[in-house]
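> Kindly return the folded structure for what I paste below:
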Amino acid sequence: MLKLRILTVAILLPAFAAGVYFLPPVAWAFAMFGALLLAAEEWARLVSFSSTQTWIFRAVLACGCCVLWWQEQFDQVVYAASTAFWVIAVPVALWRKPRLRGLGVGGIAGVLVLLPMW
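Next up, the predicted model:
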């Protein structure tokens, strides 16, 4: 298992560094969009979304990316909401240990965690 993780890092780290330094911004945005959709799939499994809910979640994230692409002033809003989530909601959630099931709370948390990545 450790060998597999080391191999994964040995492959992905140089690819990530090359993308950061050598890809034009548009190509990097599309690469990160692909990574965002893969992360959305993992998040959907984590919070037990149904197939339909997973598609809705992906669509919401894709729409969020489109809004951020064309309306750059919303970057600050997304970062502020995500920061508030991590500073306020996550410590409360760690203390109370709620279940993140369904599209409501699990979806909002997923958007606040994943959208700032893009």
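> and residue 107, how many neighbours?
20 (other CB atoms under 10 Å). Backbone N, C-alpha and C define where each C-beta goes, glycine included.
> Enumerate every residue touching the residue nearest to it when sequence neighbours are not counted.
Excluding its sequence neighbours, the residue lying closest to residue 107 (CB to CB, 6 or more residues apart in numbering) is residue 57, at 5.5 Å. Residue 57 is in contact with 40, 43, 44, 49, 103, 107, 110, 111, counting by CB atoms under 8 Å, 6 or more residues apart in numbering.
> Mind picking out the helix or strand in the protein with the poorest mean pLDDT?
Between all helices and strands in the chain, the lowest mean by mean pLDDT, DSSP states H and E belongs to helix 90-96, at a mean of 86.
> how far does that one sit from the chain's center?
Centroid separation for helix 90-96 versus its chain: 20 Å, with CA atoms, centre = their mean, to the nearest Å.
> name the element residue 5 belongs to?
In the assignment (DSSP states H and E), residue 5 maps to helix 2-22.
> Helix or strand next in line after that helix, which one?
helix 25-46.
> Tell me who's in contact with the closest residue to residue 60 other than its chain neighbours.
Among residues not flanking residue 60 along the chain, residue 111 sits closest, at 6.3 Å (CB to CB, 6+ apart). Applying CB under 8 Å, 6+ apart, we find residue 111 in contact with 57, 60, 61, 64.
> can you give me the angle the one helix or strand residue 111 maps to makes with helix 25-46?
Assigned by DSSP H and E, residue 111 belongs to helix 105-114. Going by axes from the mean of the first three to the mean of the last three CA atoms, to 10 degrees, helix 105-114 is angled at 150 degrees with respect to helix 25-46.
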